[in-house]
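Student: Next come a sequence and a model predicted from it.
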Amino acid sequence: MRFRSVRFCVLAAFACGLTLSACASSPTASAPVVTPAAPTPSNSSANAAPVTAKPLAAAPACPGAVGNDCPSALPPASAAPTSSAAPAPAPAPATPKSVQGGLARGTSDPVDLELAAGDRAYDEDELASAKAHYEKAQRLAPKDPAPQVGLERVALAETNIPTDYAAAPKNPKILGLVRRVEATLKLDDSYAPAHVERGRLLLILGAAPEALGALERAVKLAPEDAETQSALGVALLATGKSADALTRLRRAAELDRDNPDRLTNLGTAYLIQGEVAEAVKAFSRAAELAPDDARIRGDLGAAYLALNRPEKALPELDRAVSLAPDHATYVSNLAYAYFLTNKLDDAIATAKKACTLDPKLGSAWINLGTALAKKGDLDGAEHAFQHALTLDPTDPRAKANLAELSELRHPKAAPAEKPAAGDKK
């Protein structure tokens, strides 16, 4: 499927402090980082992400599974009668079955048949065919906003820009598409899919407050649409309203239960709210639906780390890295999981790889320093912690680690015992 929901990917970059026992019992995550998609809104199976649906039409705007193909012609006529009875009347034209999240309304008029064909082609990544069908629908009904939204979706897909939150700030192509959607809304301001599409584009730009307004309007028009609820949830997460976002994302997952993008956004909201066990459940279900999605595996591994289950995190993060070997945060989190499971050589090698992939990832340097310190290489550890502090002079982990390393090098002398009362020196 071409369409994927906007995902809010908050991928925690875990790093351990030098106090090894404390680190093992209470992982510390750095501020979440939003990573461009995966995933994530193009085809499902990511995408997360995430945070991580097709703009809606009369049907849900979601990036989930494609529905059954609808017949493009009349069903075959019944067999010729062998008796003298009058022939049975030919069946009425079939009503197309809507692709999930498609723009077709489920009627059999020529415009809707073209919309249905465009939806199917779009979901199958046949963008040229989708564009041709939407253009034909537009010629048949120039004042109908549905074909216009279809063409805007195709135009977005053709850019190959990830559709995650804040994936393309100030991108001129996305800004141009926003203007196109706003022109479409002048045809019919009550057309929910156009409001959703505008909201999605604004989220890709990182313009969360503006997207929030568009998506709140869309929810009033289409409250039972999964993508509308999901996109609004992403906008609420991006504006710091995580409790409200959780309500919306939970509803989106109820409406579209087998869509991994819905579940990854829901898991992210649970994680932000501190409901880590629920986040693990959501990410686990998403991983069942999309087993080869690196982001989902990375999210699940991070959730297990937050739950202090490194033995569970390890295989998930290992899988994420095998699927996305150049993703520094996945690699750094894998190093952290190795450390917590006392696989120090693997932790050191993996942390070094993460530092090479992204020399500015402070958590990777802290993970490297911690593993080196436990291995006994205090000079190497000090270098790693100093590098992390150079990257972010306000990072309390780097400061605390260097202070503790100094104490390891120069332990304070134990205070002399005071003589007991009555004793004489």
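Tutor: Cool, the structure landed. The shown structure was predicted, so the numbers you read here are calculated from the model rather than taken from an experiment.
Student: Check residue 374 and give its pLDDT.
Tutor: For residue 374, the pLDDT comes out at 94.
Student: What is the burial count for it?
Tutor: When neighbours are defined as other CB atoms under 10 Å, residue 374 has 18 of them. (Glycine included, C-beta is placed from N, CA and C.)
Student: correct me, but it touches residue 344?
Tutor: Yes: Residue 374 is within contact range of residue 344, at 6.0 Å (criterion: CB atoms under 8 Å).
Student: what's the overlap in contacts for those two?
Tutor: Counting by CB atoms under 8 Å, 6 or more residues apart in numbering, residue 374 and residue 344 have no common neighbour.
Student: neighbours around residue 409, how many?
Tutor: The local packing of residue 409 (other CB under 10 Å) involves 10 other residues.
Student: correct me, but it touches residue 381?
Tutor: No: Residue 409 is not in contact with residue 381 according to CB under 8 Å; the separation is 10.2 Å.
Student: can you give me the strands in the stretch 301-425 of the chain?
Tutor: Assigned by DSSP state E, counting those that start in this stretch, the stretch 301-425 of the chain shows no strands.
Student: again with the chain
Tutor: With DSSP state E, the ranges of strands along the chain come out as 10-11, 14-15, 28-29, 33-34.
Student: worst average pLDDT in those?
Tutor: Ranked by mean pLDDT, the strands of the chain bottom out at strand 33-34, which scores a mean of 30.
Student: OK, contacts around residue 267?
Tutor: Contacts for residue 267 (CB under 8 Å, 6+ apart) come out as 50, 278-283, 286, 299-300, 303.
Student: Just put the residues you listed in a markdown table and tack on distance to residue 109 and pLDDT.
Tutor: As requested, the contacts of residue 267 are exported to a markdown table (distance: CB to CB, whole Å; pLDDT from 0 to 100):
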| residue | distance to residue 109 | pLDDT |
| --- | --- | --- |
| 50 | 39 | 32 |
| 278 | 45 | 98 |
| 279 | 45 | 97 |
| 280 | 47 | 98 |
| 281 | 44 | 98 |
| 282 | 40 | 98 |
| 283 | 43 | 97 |
| 286 | 38 | 97 |
| 299 | 43 | 96 |
| 300 | 45 | 97 |
| 303 | 48 | 96 |
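Student: quick one: which of these sit in helices?
Tutor: If you go by DSSP state H, the contacts of residue 267 have 278-283, 286, 299-300, 303 in helices.
Student: For the residues you listed, which entry has the maximal number of neighbours?
Tutor: Neighbour max across the ones in helices among the contacts of residue 267 (other CB under 10 Å) = residue 299, 38 neighbours.
Student: which residue sits closest to that residue, ignoring its sequence neighbours?
Tutor: Counting by CB to CB, 6 or more residues apart in numbering, residue 299 lies nearest to residue 283, which is 5.0 Å off, once chain neighbours are set aside.
Student: Pull the number of nearby residues for the closest residue to residue 206 other than its chain neighbours.
Tutor: Among residues not flanking residue 206 along the chain, residue 166 sits closest, at 3.5 Å (CB to CB, 6+ apart). Here the count is done by other CB under 10 Å, and residue 166 has 19 residues near it.
Student: Residue 166: what's it in contact with?
Tutor: Contact analysis of residue 166 by CB under 8 Å, 6+ apart lists 34, 203-206, 238.
Student: Filter these down to the ones in helices?
Tutor: Mapping the contacts of residue 166 onto helices (DSSP H) picks out 203-205, 238.
Student: can you put these in CSV and add pLDDT, distance to residue 122 and neighbour count?
Tutor: Shown next, in CSV, are those (pLDDT from 0 to 100; distance: CB to CB, whole Å; neighbours: other CB atoms under 10 Å):
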residue, pLDDT, distance to residue 122, neighbour count
203, 96, 20, 29
204, 96, 18, 28
205, 97, 22, 21
238, 95, 26, 22
